[in-house]
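Engineer: sequence plus the predicted model coming up.
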Amino acid sequence: MNRKSLILLTAICLLVSAGYAEIIEFERPVWDVSFTSDGSVAVVTSIGPDVYIMNTESRQIEQEVYIGQPTVSVLVHPSGDFAYLAGTNTLFKLNLNDYSVETVYSPFRFVAGMVFSLDGERLFVSHTDGNEVLVFQVSDSQLIHRIPVNYPYEVLAATDWSGEVLWVCSNRDNRIYRYDINNYVRTLRVNVDAPKAIEITGHGDYFWVMNHGNYGRLSWIFDQEVRQQYFVQYYPNDLVATEDTIYTVTDRGYISKLNVFGNRSVDFTYIGGRLIHAVKNPVSHEIYITRNYGGGQIYILDISPKPDIAIEQESLEFGDVEFHRTQTGTITISNDGGVDLIITGVYVDNDQVYINSQDGLTISPGDNYVLDLTFTPIEVGVLNATLSVISNDPDTPELAVEITGIGIWVPADELLGRMVSYVSDLQAGNVMNRGQVNSLTTKLEQAITRLHRDHLRQALNILNTFQNQISGFIAVGVLPEVNGIYLLDESSFILDMLCEFGIAADGISLHLQNSLPGDCFLSQAYPNPFNSSTQMSFTLPGPEKVQMQVYNLTGKMVSTIQDGCLSTGVHSVNWHAGDLPGGIYIVQFKAGSFQGYNKVALVR
């Protein structure tokens, strides 16, 4: 009855949302699969007269055993020495050492499931058309009891608070029954519509696949009641439970994956064909799914723990940041997977953004890492950048985060005005007396006056004198160090800006002064803020194509003000905001090689 045939099976690998998959092709349509306890051997039943003995490591058929009739169900004994096979009308016992076959019981018509007691001494066979569960003594394969159940489907041996029990799905009674596994007395029934398969997660919650014809559901049953139901595509046939995930397969070619924890969302993968059974290898992280699609196939789904990168936000917005100042932001990277997440690279495509990161960073499962970023504008205008995080997540090897911000220019006189207010507050807070405050504010106001008169060198000299006085106040204890350092830092910042860029009325003219030819100039919008329209003027040193476009703070263009060639001279344009919502907008001005920006506020 044995025919040895070392057949090299065709293997096709692919990636699906449920996991990495490999397809093994068989000569005939296959139906069920069962493993030895060490996971090294799989017994595969077929619609033909043969049963396949498969090496799970090499993926080769090591033996074809002739049974003589199609076999729809198989169960390997925990010892690994033999397996029971349910044919179309006969129960067989297959010796896995010499591949001999013996008849155990006949006749019967349809077996929907088989299970051993936890000690391996009894076999429970769901004889569906006979409306009974048959109990066999494994030692001699003798029938020892019949449990009457109306149209039983899958059976499951398990333990609960009362000890070892037997669960039976009664498809026509719309119930699942619990029996004492020793005296076969029914101890519980739970109402569930058309139960077809039953599994227990590693945490003891019960889940059942539901078959409602065109409606496939997975029901979570806890404390003797259906607590929740989940749609798992049409005509589910079987399910597999791991510690935290439930997989189901359907007659219409779908694999569904439900996470037990969190929001219990269901992910679907369509692979086509008719998916019959799903069985997990007891040792490896693989689920074998029998699939009939033309011929026979086993679809091997790799469910090994994987890293899973996640971020709390899809974008980072810095907002308005003053020219040459620094604004900080953070992005939290989490590992929602089951093994270490290794970050191999973090990059950003804009020099204005700096990342404090580490190559080779490892994030443990369930842990996170806070990535620090800074935005220091070196030009006035809108920042649009992309942060890329490279990791060993097989599904998302490169994660992108959009970064936005606006570099704004604050004129030197406005910065000095802030310092005047700060120094005045020191008197109100009794930090310094009136005379000391007046001596400092006078110098700052004099510097502002010199800037307005375009006397840059005089303004610089006054600011140097101001700094010397601040240093003296700190040295003698008149001014607390924390206040003094702030004033020194601010005045040094203004000195640096003035020395590098000179005197500028606003950020746009500053941009022109350093990078633009001739006397090209863009004025500020007026009025600003505005509620319907605002006006801007600009000067062209020669004929140029002018483009003026309006962007919102997400970087999306919302309006075009001007797009065409204009002659030399001064021009004015009006922007009518129409029905745009109130908020901050950026007007981008381009004329030849010159580019400038205006920030305007629309008030509704």
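Structural biologist: On my side now, so go ahead.
Engineer: could you list the low-pLDDT ranges of this protein?
Structural biologist: Scanning the chain with the threshold set as pLDDT under 70 gives 1-20, 202-207, 209-215, 261-263, 357-359, 500-521, 554.
Engineer: how much space separates the most far-flung residue of it relative to its centre from residue 219?
Structural biologist: Distance from the C-alpha centroid of the chain, by CA atoms, centre = their mean, peaks at residue 435 (61.7 Å). Distance, residue 435 to residue 219, by CB to CB, to the nearest Å: 83 Å. The way it works is simple: take the backbone N, C-alpha and C, and place the C-beta from them, glycine included.
Engineer: wait, doesn't residue 568 sit right on residue 546?
Structural biologist: No - under the criterion of CB atoms under 8 Å, residue 568 is not in contact with residue 546, lying 11.7 Å apart.
Engineer: quick one, which of these two is more surrounded?
Structural biologist: Under the criterion of other CB atoms under 10 Å, the comparison of residue 568 against residue 546 puts residue 546 first, with 20 against 12.
Engineer: contacting residues for the more buried one?
Structural biologist: 538, 540, 562, 563, 564, 565, 566, 571, 589, 590, 591 (CB atoms under 8 Å, 6 or more residues apart in numbering).
Engineer: before we move on, the earlier item: give me the secondary structure label for the residue farthest from the centre of the chain.
Structural biologist: The local conformation at residue 435, judged by DSSP: H, G, I helix; E, B strand; the rest coil, is helix.
Engineer: distance check, it against residue 427.
Structural biologist: 10 Å.
Engineer: then residue 68?
Structural biologist: 106 Å.
Engineer: those two: who's more crowded?
Structural biologist: residue 427 (17 against 12).
Engineer: quick one, what contacts that one?
Structural biologist: Residue 427 sits in contact with 433, 434, 436, 437, where contact means CB under 8 Å, 6+ apart.
Engineer: the third one - nearest residue in space that isn't next to it in sequence?
Structural biologist: Distances taken as CB to CB, 6 or more residues apart in numbering place residue 478 nearest to residue 436, at 6.3 Å, with adjacent residues excluded.
Engineer: again with the last one
Structural biologist: On the basis of CB to CB, 6+ apart, the spatially nearest residue to residue 437 that is not a chain neighbour turns out to be residue 427, at 4.2 Å.
Engineer: on the three-state scheme, the one you found is what?
Structural biologist: Residue 427 - assigned by three-state DSSP - is helix.
Engineer: from here on, call the first residue 33.
Structural biologist: New numbering, starting at 33: the last item is residue 459.
Engineer: how close does it sit to residue 506?
Structural biologist: In terms of CB to CB, residue 459 sits 17 Å off from residue 506.
Engineer: again, but for residue 67
Structural biologist: 79 Å.
Engineer: pull stretch 192-210 out as CSV, backbone CA atoms only.
Structural biologist: Output of stretch 192-210 as CSV, limited to C-alpha atoms (Å, rounded to 0.1, in the frame of the first residue of the first chain):
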residue,chain,number,x,y,z
ASP,A,192,-11.0,25.2,32.5
TRP,A,193,-11.8,25.7,36.2
SER,A,194,-13.6,22.4,36.3
GLY,A,195,-10.7,20.4,34.8
GLU,A,196,-10.4,18.8,31.4
VAL,A,197,-13.4,19.3,29.2
LEU,A,198,-14.6,18.6,25.6
TRP,A,199,-16.1,21.4,23.5
VAL,A,200,-18.3,20.5,20.6
CYS,A,201,-19.7,22.8,17.9
SER,A,202,-23.3,21.9,17.0
ASN,A,203,-23.9,23.6,13.7
ARG,A,204,-27.6,22.9,13.5
ASP,A,205,-28.4,23.5,17.1
ASN,A,206,-26.7,26.9,16.9
ARG,A,207,-24.9,26.1,20.1
ILE,A,208,-21.6,25.0,21.5
TYR,A,209,-21.6,22.3,24.2
ARG,A,210,-19.2,21.5,27.0
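Engineer: for that stretch, list every residue counted as buried.
Structural biologist: Buried residues in stretch 192-210, counted by 16 or more other CB atoms under 10 Å: 197, 198, 199, 200, 201, 202, 203, 205, 207, 208, 209, 210.
Engineer: surely the first one and residue 211 touch.
Structural biologist: Just to be clear, that refers to residue 197. Yes - Residue 197 lies in contact with residue 211 (CB under 8 Å); the separation is 6.5 Å.
Engineer: is it fair to say residue 631 lies in a strand?
Structural biologist: Yes - counting by three-state DSSP, residue 631 falls inside a strand.
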